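Novice: curious how this folds, go ahead:
(chains A and B)
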Amino acid sequence: MTLDAKIPGGRLTQKWDRHRFELKLVNPANKRKYNIIVVGTGLAGGSASAALAELGYDVKTFCVQDSPRRAHSIAAQGGINAAKNYPNDGDSIWRLFYDTVKGGDFRAREANVYRLAQISNLIIDHCVAQGIPFARDYGGLLANRSFGGAQVTRTFYARGQTGQQLLLGAYSALSRQVAAGKVKLFSRREMLDLVVVNGQARGIVVRNLINGDIERHDAHAVVLCTGGYGNVFFLSTNAMASNVTAAFRAYKKGAYFANPCFAQIHPTCIPVHGTYQSKLTLMSESLRNDGRVWVPKDPGDKRPPSQIPASERSYFLEEKYPSFGNLVPRDVASRNAKEQCDMGKGVGDTGLAVFLDFADAIKRDTRAVIEKKYGNLFQMYEKITGQDPYQTPMMIYPAVHYTMGGLWVDYNLMSAVDGLFVLGEANFSDHGANRLGASALMQGLADGYFILPYTIGGYLAGTNLPAINADHPAFKEAEQHVQSRLNTLLAVDGKRTVDDFHRKLGSIMWEYCGMARNNEGLEKARSLIQSLRAEFWENVRVPGIDKDFNQSLERAGRVADFLEFGELVIIDALARQESCGGHFNEAFQTDENEARRDDENFCHVAVWEFTGDDKAPRFHQEPLVFENVELTQRSYK
Amino acid sequence: MTKTISVTLKIWRQQTSGVKGRLESYAAEDISTDMSFLEMLDVINEKLTLEGREPIAFDHDCREGICGMCGAVVNGRPHGPEKGTTLCQLHMRHFSDGDTIVIEPWRAKAFPIIKDLVVDRTAFDTIIQAGGFIAVNTGGAPDANAIPVPQQAAEKAMDAAACIGCGACVAACPNAAAMLFTGAKISHLALLPQGRPEAAKRALAMLRTMDELGFGNCTNERECEAECPKEISIVTIARMNREFLKASFISDEA
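Specialist: Predicted coordinates for the structure are as follows:
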């Protein structure tokens, strides 16, 4: 089946204007008659809740944390892109659009990305009006920095805490609507099922994480803003509670999953230090501007870096990519680091790290200059590792950072289930096979503040929504399903902990479906995951009871979903017999080891439909049509 | 090279709010000094789970010091002994072999205990709902550069806006006051021209709400500033007091 993305006709530059005009409107006085559920309170969910409530809709907002302010958008460091062209360096909406499509290795929709670039400017205006303390020049106007390899300076930032400040802005707007009585807030609630009535999303079933009660909530539409699934790899830069459960339950109720194999692996993270490691920390990639990446020439050379002379070092990025050197894109840098470690040249206790050395930069520019540029990063590194990067090289290794795949949505951000909308990292729409730096914040806020408030109105005004409430049999059935799953998890009473299974799943995913993949490894991973999943349901130990604050039970449900979802990622990776962006299949590379796309056969979104437990998902595709940009091959030599 | 230590933990266990809690001892053996404090608790919890005992409940999420979800009082100090560090960023290399480490939840009337080290900080959300925002709807903003903001004002606003809402200031204060938290938000918005139209209304509403929620008052102990993981200055409290006084005497909002 070919999916209809409902992309409006007309010229690219006019599609969104035209669509907004053509969308049906809900009369201002009627908006209060509509009840909308928003799940998640990151940039997408926080902004959507606030914007919908400002329009007059009645909103119920849910989050797993104790406060909406803690969603993981808060950890984004670098900044947010916009096509303001304040620096007068030739930026434009068209250029931001083009860079984003190309950066995504031509696997995103032109119309969505163009709309994102258009909206980028409105976001900055709104955030300044909200009081986001963006960096400014002495004259009082907004400062910009260059970021993520863009050739123009278009990134707005608030120190290294841009995500935090933007999220607190959305949280403030949301809090104002809570006080106004337009948003009802449900924190420490986890969505465990979607309720679909007559083919329409009409509510959710949640677990109250404080006392374990199962609650039913009905609505006229449901909006999922539940983030990415990077934690299927166990170790990632995601927060501990980031999970795929809400999206996966929606998938099982009829929403489609798109491009799940597109995950971004960031090259400059602090390496794994031991088997008890719980998460990985990102170091800004700006460090590669001055640091030189190297490993010892001889595999197994365990001398401290200061005792390895220059002639016995391999500066592998500089050697292999003479013109870009240490500044090759994220995916290339990551893959090469892995390659060196696979050859036994990795450094540190685990052998899974490469050096990032600032000695030459300090010699050239003085320590004071390097300190001014990177002081806070060096301090963070020292806090975590206990080593002083001014004296000894940093050790870095790639880590899972962001997931471009997600629930399939059309141009209105509506999934394959009527009335179920998906925003932010949870959907698949704008980043193709690789996301550029400083564009995740842009997308989350574009979806929540400026797209959904229009498109959901079009849906509500044009749809017949029968009156139902949470007593409907579909709610009862969903609740029973949720409760029986919790009971089953608790009843297994096996010998391995939830984290133990999660860690094992993560190591399978990382080994066979990480930076470089091949068909044989993927097939192997698939069967390993199947047997791990079978063991989970026979041998997991979840302590405690369900009617209690039970963090082991929370995690058990999430890991159970990851164990199913991980296989879907593998299936998708196997189906995409090409390399593009974050998906690198070793069989498809150029002579220079770059990703080799197959535009003839794979210029599409791969979309998966759930057909039943232990059954293969059904494949659909949405062809991607490029009318405004030319498909080219990336090269960094 | 990795080093390991063994320590004794005395951890507050409490089944739920309103029931009696107690300190219980746990041996944490062969703990890598590269572990974070929370990873050390993970190790204990894995062990308790396999022994058929109930793991220790504690809040945490980003584990990189920015979400504000984690926090416990370690040997009498919120977020432990390292300055400017959240509990998740505290590492075991700051402890010695044989140490006894006492771990307790935030203790304040306005933060009831949910379980073990987990407390309910909804009161912070309620303070923000009272006025911690600029009342602009989506869609009507002028161009972002229409209002110049002096760089220094933007920097000071950012200093205050760095608050992560963890509650360490309340836990550190002998009066369990939320003055640093509230002062930080009032300062952030009062320092920016966009925040001025509502400054008086905001200061009055947020302070009134803060008092109603059962937080104490400030007696200049400066414990909050000392323990704040983001090192927010009590200058923000002074600024809040000025905003409050101005609002009380000369605004129409009083």
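Novice: quick check: residue B:126 touching residue B:214?
Specialist: No - applying Cβ atoms under 8 Å, one finds residue B:126 not in contact with residue B:214, separated by 10.9 Å. For glycine as for every other residue, the C-beta is placed from the backbone atoms N, C-alpha and C.
Novice: what about residue B:232, how many neighbours?
Specialist: The local packing of residue B:232 (other Cβ atoms under 10 Å in any protein chain shown) involves 23 other residues.
Novice: who's in contact with it?
Specialist: Neighbouring residues of residue B:232 by Cβ atoms under 8 Å, 6 or more residues apart in numbering or on different chains: B:159-160, B:162-163, B:169, B:180, B:184, B:225.
Novice: hmm, back to that, the more surrounded of residue B:126 and residue B:214?
Specialist: residue B:126 (18 against 13).
Novice: list the contacts of the helix or strand containing residue A:512.
Specialist: Using DSSP states H and E, residue A:512 maps to helix A:498-513. Residues outside helix A:498-513 that contact it (Cβ under 8 Å, 6+ apart) are A:232-235, A:261, A:400, A:521-522, A:524-525, A:528-529, A:532, A:535-536, A:540-542, A:552, A:555-556, A:559, A:562-563, A:566, A:569-570, A:573, B:42, B:46.
Novice: ok, back up a step: and the contacts of residue B:232 near chain A, which?
Specialist: The subset of the contacts of residue B:232 within reach of chain A, counting by Cβ under 8 Å from any Cβ of the partner chain, consists of residue B:162.
Novice: need the max-distance pair from the contacts of residue B:232.
Specialist: Distance extremes for the contacts of residue B:232: the farthest pair is B:159 and B:169 at 14.9 Å, using Cβ to Cβ.
Novice: so for those two, which residue has more residues nearby?
Specialist: Between residue B:159 and residue B:169, counting by other Cβ under 10 Å, residue B:169 is the more crowded of the two (30 against 21).
Novice: how distant is the strand or helix carrying the more buried one from the center of its chain?
Specialist: If you go by DSSP H and E, residue B:169 is part of helix B:168-172. Offset of helix B:168-172 from its chain centre (Cα atoms, centre = their mean, to the nearest Å): 7 Å.
Novice: counting by contacts, list what that helix packs against.
Specialist: In terms of contacts (3 or more Cβ pairs under 8 Å, 6 or more residues apart in numbering or on different chains; DSSP states H and E), helix B:168-172 is packed against strand B:77-78, helix B:179-190, helix B:223-227.
Novice: now do the first one, average pLDDT.
Specialist: So the one you mean is strand B:77-78. Strand B:77-78 comes out with an average pLDDT of 98.
Novice: tell me which strands it pairs with, and in which orientation.
Specialist: Applying DSSP bridges to the sheet, strand B:77-78 is found paired with strand B:73-74 (antiparallel).
Novice: average pLDDT across the strand it pairs with?
Specialist: 98.
Novice: next: stretch A:75-86.
Specialist: Stretch A:75-86 comes out at a mean pLDDT of 93.
Novice: quick one: end-to-end length of that stretch, please.
Specialist: With Cα to Cα, to the nearest Å as the measure, stretch A:75-86 spans 26 Å from end to end.
Novice: residue B:157 contacts residue B:187, correct?
Specialist: Yes - with contact defined as Cβ under 8 Å, residue B:157 and residue B:187 form a contacting pair (7.3 Å).
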